[in-house]
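>>> Build me a model from this:
(2 chains)
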Amino acid sequence: MPNLTIDGQKIEVPAGTTILQAAEKLGIEIPRYCYHPALPVAGNCRICMVEVEKQPKLQIACYTPVAAGMVVKTNSPKVLEARKTVLEFLLVNHPLDCPVCDQAGECKLQDYYMEHGQYDSRLASVKVKKEKKAFSIGPTVMLDQERCILCTRCVRFTDHITQTCEFGVFERGDHSQVDVYPGKELDNKYSGNVVDICPVGALTDKDFRFKCRVWYLDHTRSVCPGCSMGCNIDIDWDKSRPHTQKKERVMRLKPRHNPNVNNYWICDSGRYNYHFIDENRILSPQYLDKLVPWSEAVERIAEILQSTKPERIGVLASAQLTNEDLFVIRKLFKETLKAHVDFKAPERPGDSDDFLIKADKNPNTAGALAILGAQADAQTIVQKARQGELDLLYVFGHDLVKLFGEETVAQIARKVKLFVFQGSNINDTCGYAHLNLPGSVYAEKDGTFTNCQQRVQRIRPAFFPLGDSKGDWEIVSLLAGQLGSPLSYKDSQDVFNDIAKTVAGFAGMSYEKISDQGMVLKK
Amino acid sequence: MEHPELRKYFDVKGPFAFLRLAQMKRAWKQKNRRELTWWENTYIPSVVSGIYLTSAHFFRNFTLHVLHAVGLLKDIPAAVTYQYPEQPRPLSSRTRTRHRLTKREDGSPRCVACMMCETVCPARCIEITAAEHPDPNIEKYPAEFILDLGKCVYCGFCVEVCPEDAIRMDTGKLDTSEYSRESMIYDKKRLMEE
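Okay, here's the model as predicted:
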């Protein structure tokens, strides 16, 4: 374990660590463009140069391994001068596009220029322009070669992470440019990530392009509900322009670093899976064709529940719900009412790969199993309902029409006294349900999901539920209150503390302990 | 604190004592107002002084205008009445008046929808919707540019911040009056007119 000194602070790190990583441990930020912790080192941007005592020239911090007794200076006049010069070189042909560039505001060129550059331009000749300005290189990404500083992060990403090798650097000198290979397109399941790792505005996301300036965005830490992997994400939503939001709150999703789950990455289907948050929502409780207040909606269910036997109540929960929702469902329907509760739907497995995409498209299957226990799939309940053995069918979010066909659902609607659908978005089943209840989407919920690695991860509410919609467990506890057996939960944290006390796998967990990285369920 | 009674009642302390004190003094003066004398109560002195002031202005301006008409004493200004709105008052060239969007040679707006004006606007009266321009060298243009003059405070920050000289406040129009709030909202087309 070599001992070294960085900026007067002593630190001991394992052999093979680079100066940049050692400095990071001490909280010293060394500027970087080409270095990315998840990619192999290229060492071509030269902005991370530091002074090492007894070495005549400056060294790049990202590729120089530490040695015993090394004395490193990251802020000496020589280093600052070098940074300034490197920036000047990088910016020589960089266009003054900031007003129209989507990266402006989160651009490392802007940041480091303000921090380390601030020189007056010495360029007398005209900037070298590329043949084409911004052009499409695939279904999701646009490339602007003029803005590129040739850090090759995108090249290394497609070479080493996705191993699809679409990008390459072509030509030499100030003609060199990043491009996709001739005849190829950047079209893989993880292509959106190259936009995140691009430190400048060379690669921009078509979906986000020109939609919103980044300084308007607020970030909420959450978990992707797209599949059972549960990749950590940031929901970027527009907070300060309520006057300009065209009823669209979420602007984009960005991956959030979690070394245990998704590292720095997220798949494209997860990245662009946010439009349902603001589109096609159920906004108010609806009984048959009439919009009703919450009190009336809950009364209608309570009426049926009080007048029927437990075996004639069928509840179809969902693995799309949070642990908190499922636990409150278990509390009321399973423990108090002794009803039949299932959550599994006979869904066809989706596409999957060996990286992040899982076939199970529900974010909380593991949590549902832990809380509700193993069960047969929804077939049983649906059969019962079809044969008229149920008085109340309570469905959470499942699109029964898609799963069992229109015929079956129409039959159920005729046989069952009250067919309740509770969910966030309108689907074909809503048309058959007698009572539609608006639930909130994950971006409006506080709670936890359990991913396929049994990791319990926190989702946080970015904004208030749309319209009259409510969190799913809140609706259920409203119903419990109406039935005269109130559940006294103040908030999701309260529910979760009860889960930790009751469900064995969750023992010892709390929101504070789960924090940003999650906690694994106990066996 | 000239009056002993004041000192007795208004011994205020604290960082904003001076404000409170001034307010109290005013209230005290109002409450303990001097009674008018019999002569003042006839209102004759007030009426006479009012008529004196008005007629002094009248005769001064009347005389000066007559003298100006025959070409005398032109360097002494007389009061002028503008026959607004038929005769607008001349404005200084740097007066901030109603906005306009400047155009390129082909008539399209110079604006590149960078949202600087929208960001800096303290009244939040600008609403821009950006879109992809067919010409990749322009890249971004405002599909919609909405300026709510009902909210605008005419501070001129939008003009100052614009990197493209695309918005100016030099139309010389200050009389934006409408029958509804909606018609105070100017869109791209209206801002590019004239």
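>>> Let me see the contact set for residue A:168.
A:155, A:178-181 (C-beta atoms under 8 Å, 6 or more residues apart in numbering or on different chains). Quick note: C-beta positions are derived from backbone N, CA and C, even for glycine.
>>> Doesn't it lie inside a strand?
Yes: the assignment for residue A:168 is a strand, going by DSSP: H, G, I helix; E, B strand; the rest coil.
>>> Which pLDDT value belongs to the residue nearest the centre of chain B?
Nearest to the mean C-alpha position of chain B, by C-alpha atoms, centre = their mean, lies residue B:154 at 8.2 Å. pLDDT recorded at residue B:154 is 95.
>>> For chain B, which segments are assigned as helices?
For chain B, the helices defined by DSSP state H cover B:4-9, B:17-31, B:38-41, B:44-69, B:116-120, B:157-161, B:188-192.
>>> Mean neighbour count, those helices: which tops it?
A comparison of these by mean neighbour count, using mean count of other C-beta atoms under 10 Å in any protein chain shown, puts helix B:116-120 on top with a mean of 20.
>>> Show the model's pLDDT score for residue A:177.
93.
>>> what's the answer for residue A:254, then?
Predicted confidence (pLDDT) at residue A:254: the value is 96.
>>> ok, now residue B:18?
Residue B:18 is given a pLDDT of 79.
>>> Pass me the low-pLDDT residue ranges in chain A, would you?
Along chain A, the model assigns pLDDT under 70 to residues A:241-246.
>>> Over to residue A:146. Which of the three states is it?
Counting by three-state DSSP, the backbone at residue A:146 sits in helix.
>>> What is the burial count for it?
19 (other C-beta atoms under 10 Å in any protein chain shown).
>>> ok, now residue A:394?
Residues lying near residue A:394 (other C-beta under 10 Å) number 29.
>>> re the thing from before, of the contacts of residue A:168, which ones also sit close to chain B?
When C-beta under 8 Å from any C-beta of the partner chain is taken as the criterion, no member of the contacts of residue A:168 contacts chain B.
>>> How about the contacts made by the nearest residue to residue A:230 once chain neighbours are set aside?
The spatially closest residue to residue A:230, leaving aside those adjacent along the chain, is residue A:451, at 3.1 Å (C-beta to C-beta, 6 or more residues apart in numbering or on different chains). Taking C-beta under 8 Å, 6+ apart, we find residue A:451 in contact with A:223, A:228-230, A:261, A:363, A:366, A:457, A:518.
>>> 7 Å instead, please
Residue A:451 makes contact with A:228-230, A:261, A:366, A:457, according to C-beta atoms under 7 Å, 6 or more residues apart in numbering or on different chains.
>>> so which two of the residues you listed are the farthest from each other?
Greatest spacing in the contacts of residue A:451, by C-beta to C-beta: A:261 and A:366 (13.0 Å).
>>> list the buried ones in stretch A:484-491?
A:487, A:489 (16 or more other C-beta atoms under 10 Å in any protein chain shown).
>>> Which residues does that stretch contact?
By C-beta under 7 Å, 6+ apart, stretch A:484-491 touches A:328, A:331-332, A:336, A:446, A:477, A:480, A:495.
>>> got TSV for those residues, with neighbour count and secondary structure too?
Formatted as TSV, the contacts of stretch A:484-491 follow (neighbours: other C-beta atoms under 10 Å in any protein chain shown; DSSP: H, G, I helix; E, B strand; the rest coil):
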residue	neighbour count	secondary structure
A:328	28	helix
A:331	23	helix
A:332	22	helix
A:336	15	helix
A:446	17	coil
A:477	20	helix
A:480	23	helix
A:495	27	helix
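>>> Can you give me the distance of the residue nearest the centre of chain A to residue B:51?
Nearest residue to the geometric centre of chain A (C-alpha atoms, centre = their mean): residue A:233, 2.5 Å. Distance of residue A:233 to residue B:51, computed by C-beta to C-beta, to the nearest Å: 79 Å.
>>> How about residue A:501?
Taken as C-beta to C-beta, the span from residue A:501 to residue B:51 is 90 Å.
>>> Residue A:415 is in contact with residue A:388, correct?
Yes: between residue A:388 and residue A:415 there is a contact under C-beta atoms under 7 Å: 4.2 Å.
>>> neighbour count winner among those two?
Neighbours were counted for residue A:388 and for residue A:415 using other C-beta under 10 Å; residue A:415 has more, 17 against 14.
>>> That one: what's it in contact with?
Going by C-beta under 7 Å, 6+ apart, residue A:415 touches A:385-386, A:388.
>>> Next, count neighbours for the closest residue to chain B within the stretch 1-150 of chain A.
Among the residues of the stretch 1-150 of chain A, residue A:99 lies nearest to chain B; the distance is 3.4 Å by C-beta to the nearest C-beta. Applying other C-beta under 10 Å, we find 18 other residues in the vicinity of residue A:99.
>>> excluding its backbone neighbours, what's nearest it?
residue B:114 (3.4 Å).
>>> residues contacting the one you found?
A:99-100, B:163.
>>> can you redo those as CSV with distance to residue A:437?
What follows is the contacts of residue B:114, written out as CSV (distance: C-beta to C-beta, whole Å):
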residue, distance to residue A:437
A:99, 47
A:100, 45
B:163, 50
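>>> how near is residue B:56 to chain A?
Distance, residue B:56 to chain A, using C-beta to the nearest C-beta, to the nearest Å: 53 Å.
>>> Give me the residues contacting the helix or strand residue A:24 falls within.
Here residue A:24, judged by DSSP states H and E, is contained in helix A:19-25. Helix A:19-25 has contacts (C-beta under 7 Å, 6+ apart) with A:4, A:6, A:11, A:13, A:30, A:32, A:35, A:48, A:50, A:61-62, A:64, A:66, A:72, A:74.
>>> Filter those down to the ones in strands?
A:4, A:6, A:11, A:50, A:72 (DSSP state E).
>>> Now the second one. Nearest residue, chain neighbours left out?
The spatially closest residue to residue A:6, leaving aside those adjacent along the chain, is residue A:72, at 4.5 Å (C-beta to C-beta, 6+ apart).
>>> The one you found bridge partners, please.
When bridges are called by DSSP bridges, residue A:72 pairs up with residue A:6, residue A:52.
>>> In contact with it, which residues?
Counting by C-beta under 7 Å, 6+ apart, residue A:72 touches A:4-6, A:19, A:50, A:52.
>>> wait, what's in contact with residue A:47?
Residue A:47 touches A:31-33, A:83, A:86-87, A:112, counting by C-beta under 7 Å, 6+ apart.
>>> Among the contacts of stretch A:484-491, which one sits closest to chain B?
Nearest to chain B among the contacts of stretch A:484-491, with distances taken as C-beta to the nearest C-beta, is residue A:446, at 29.7 Å.
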